[in-house]
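K.L.:
quick check, what structure comes out for this input:
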Amino acid sequence: MRTTLPVVFNNPKILLIGGGHVACQKAEVMHRNGVAFDVIAEEVAEGLTPLCRDVRVRRVASKDLEAYRIVIDATGNPAVTTMVVEAKRELGFMLNVVDVPECCDFFFAALVEYGPLKIAVSSSGGSPAVAQAVRDKIGRMLPRSLGVLTTLGLMERLRGIIRSKELRAAAQRELGRVHLVGCGTGDVELLTLKAYRLIQEADVVFIDHLISDEIRSLIPESTLKISVGKRKGHHSVRQEEINAMLIEYALKGLEVARLKAGDPYIFGRGAEEAMALAEAGIRVEVVPGISSAIAGPLSAGIAPTARGYAANLSIVSAHLAGNSVNLEWIDLLGMKNHTTIVLMGLSRAEEITAEALKRGYDPTLPAAIVSNASRPDQTRIVTTLSQLPEAARDAERPGIIVFGDVVNLHAVLPQYHFEKELIHDKTA
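P.N.:
Predicted coordinates for the structure are as follows:
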């Protein structure tokens with residue numbers, strides 16, 4: 001097998017033989033990149049003439065090739081190819097015969113073009129389709145702002161200004177990107193296709209402690225994995241340190257996936273991370289995930305907004321910064337036709353119940369605790385407002401609390417296949 005080396009020519013004299021569809025494709029690539037060329041063809045397709053420097057409508061002869069350093073045969077005519085190959089032995093020009101790799105001295109690459117920045121992908125003539133697929137993937141990954149940066153570097157170099165270190169740092173900043181990936185409740189089949197792709201493609205992955213083993217197993221072995229899980233009362237990495245590490249790795253020009261349980265913006269501190277990255281000039285993308293606030297009730301056979309049961313839905317957190325309790329939402333429990341879903345509330349069950357009863361709310365208000373939603377160890381505890389503290393003591397973490405008449409739907413609606421149920425409503 002021959003070896004190949006991608007090269008860039010600086011304004012060579014080029015002859016394109018042929019005027020059909022294939023020739024037009026090669027002509028468009030050269031014209032788009034500012035390469036001058038001449039054409040000789042017996043017939044010339046409409047639109048080809050404006051792209052080239054000179055067109056001669058006639059049969060090509062070997063003497064026509066003497067003035068050129070590069071010849072491209074796009075005729076598909078074996079007789080023309082034989083003539084051109086023989087002429088090359090005497091004249092020494094470089095030859096490309098379209099779709100005949102064994103006759104080629106060079107190949108047209110699939111190009112990613114961002115202004116002066118050009119990225120060539122070549123299969124050495126083996127499979128243009130594969131080269132095009134790789135080119136398209138690169139094009140999706142790289143920001144177009146690199147073209148602006150390359151233009152700036154070119155203009156400065158023409159004026160004698162060389163800032164290699166600064167431009168390299170700027171390029172790495174543009175290349176680096178952080179994806180805040182919502183990983184849902186842990187069931188790998190509930191990941192979005194985009195989340196799955198980003199997990200597979202990332203250079204480095206930051207992992208919350210609530211990310212399930214099934215989702216962790218999707219991370220390629222070669223990917224750098226960094227655990228930044230924060231457990232209640234045992235914060236292994238402070239949020240400020242996580243933000244700093246995300247910025248650090250992005251500035252190295254890496255693709256970073258920050259795997260977050262649930263949805264990044266539903267009590268997931270994703271907004272804090274996104275703002276820190278944006279302020280540092282890092283490209284950041286947020287990928288939605290299924291929050292336990294939505295998947296939890298569904299997995300437990302509870303429809304939060306079922307007609308005739310609830311026309312409104314609130315999602316609240318019982319936990320505030322500094323490990324303080326949030327009870328500002330308690331009056332929601334007195335609303336008719338309303339469902340209230342509480343995240344991070346199991347350890348605050350006694351305070352929630354005490355405050356609600358103090359305000360005179362119905363002690364028999366239906367309540368449910370759903371733990372490990374959508375996972376094989378999911379459990380559902382059906383209880384009431386007054387019995388919530390006792391139920392919470394038996395509940396596994398993490399879990400959510402659901403208040404409202406919709407809890408009664410658990411008896412008729414489908415539930416997650418692996419669910420175990422505990423009933424704590426002693427009045428039933």
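
K.L.:
identify all contacting residues around stretch 80-95.
P.N.:
17, 60, 62, 65-66, 68-73, 75, 97, 100, 103-106 (C-beta atoms under 8 Å, 6 or more residues apart in numbering). For glycine as for every other residue, the C-beta is placed from the backbone atoms N, C-alpha and C.

K.L.:
pLDDT of stretch 154-168, averaged?
P.N.:
The predicted model gives stretch 154-168 an average pLDDT of 91.

K.L.:
pull the contacting residues for the residue nearest the centre of the chain.
P.N.:
Of all residues in the chain, the one closest to the mean position by C-alpha atoms, centre = their mean is L198, 4.5 Å from it. L198 makes contact with 179, 181, 255, 257, 287, according to C-beta under 8 Å, 6+ apart.

K.L.:
and of those, the nearest to R397?
P.N.:
The shortest gap between R397 and any of the contacts of L198 belongs to V181, at 22.8 Å (C-beta to C-beta).

K.L.:
what is the helix or strand where the closest one lies packed up against?
P.N.:
When elements are defined using DSSP states H and E, V181 is found to belong to strand 177-182. In terms of contact count using 3 or more C-beta pairs under 8 Å, 6 or more residues apart in numbering; DSSP states H and E, strand 177-182 is assigned the packing partners helix 193-201, helix 239-250, strand 255-260, helix 270-279, strand 283-287.

K.L.:
try it again with 10 Å
P.N.:
With contacts defined as 3 or more C-beta pairs under 10 Å, 6 or more residues apart in numbering; DSSP states H and E, the secondary structure elements packing on strand 177-182 are helix 193-201, strand 204-207, helix 239-250, strand 255-260, helix 270-279, strand 283-287.

K.L.:
turn the ones you listed into TSV, including mean pLDDT and distance to R307.
P.N.:
Rendered in TSV, the data for the helices and strands packed on strand 177-182 read as follows (pLDDT from 0 to 100; distance: least, C-beta to C-beta, whole Å):
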stretch	mean pLDDT	distance to R307
helix 193-201	96	31
strand 204-207	97	40
helix 239-250	95	40
strand 255-260	97	33
helix 270-279	96	32
strand 283-287	96	32
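
K.L.:
right, so these: which one is the most enclosed?
P.N.:
Greatest average neighbour count among the helices and strands packed on strand 177-182 goes to strand 255-260 (a mean of 27), per mean count of other C-beta atoms under 10 Å.

K.L.:
relative to strand 177-182, how tilted is that one?
P.N.:
Strand 255-260 and strand 177-182 meet at an angle of 20 degrees, taking axes from the mean of the first three to the mean of the last three C-alpha atoms, to 10 degrees as the criterion.

K.L.:
just the angle between strand 255-260 and helix 239-250, please?
P.N.:
Computed by the same axes, to 10 degrees, the angle between strand 255-260 and helix 239-250 is 150 degrees.

K.L.:
chain center to strand 255-260, what's the gap?
P.N.:
9 Å (C-alpha atoms, centre = their mean, to the nearest Å).

K.L.:
next, work out how far apart the closest residue to S386 other than its chain neighbours and L357 are.
P.N.:
Nearest non-adjacent residue to S386, counting by C-beta to C-beta, 6 or more residues apart in numbering: P363, 3.6 Å away. According to C-beta to C-beta, to the nearest Å, P363 and L357 sit 6 Å apart.

K.L.:
follow-up on the earlier one: buried subset of the contacts of stretch 80-95?
P.N.:
Among the contacts of stretch 80-95, those that count as buried by neighbour count (16 or more other C-beta atoms under 10 Å) are 17, 60, 65, 68, 70-73, 75, 97, 103-104, 106.

K.L.:
how many neighbours does A295 have?
P.N.:
Using other C-beta atoms under 10 Å, A295 is surrounded by 23 other residues.

K.L.:
ok, now G229?
P.N.:
As a burial measure, G229 scores 15 neighbours (other C-beta under 10 Å).

K.L.:
which element is the closest residue to it other than its chain neighbours on?
P.N.:
Of all residues beyond its chain neighbours, the one nearest G229 is H209 (2.5 Å), with distances taken as C-beta to C-beta, 6+ apart. With elements taken from DSSP H and E, nothing contains H209; it lies in neither a helix nor a strand.

K.L.:
just checking, H209 touches R397?
P.N.:
No - here H209 does not reach R397: they are 11.4 Å apart, not a contact under C-beta atoms under 10 Å.

K.L.:
since that was my last question, I'll sign off now.
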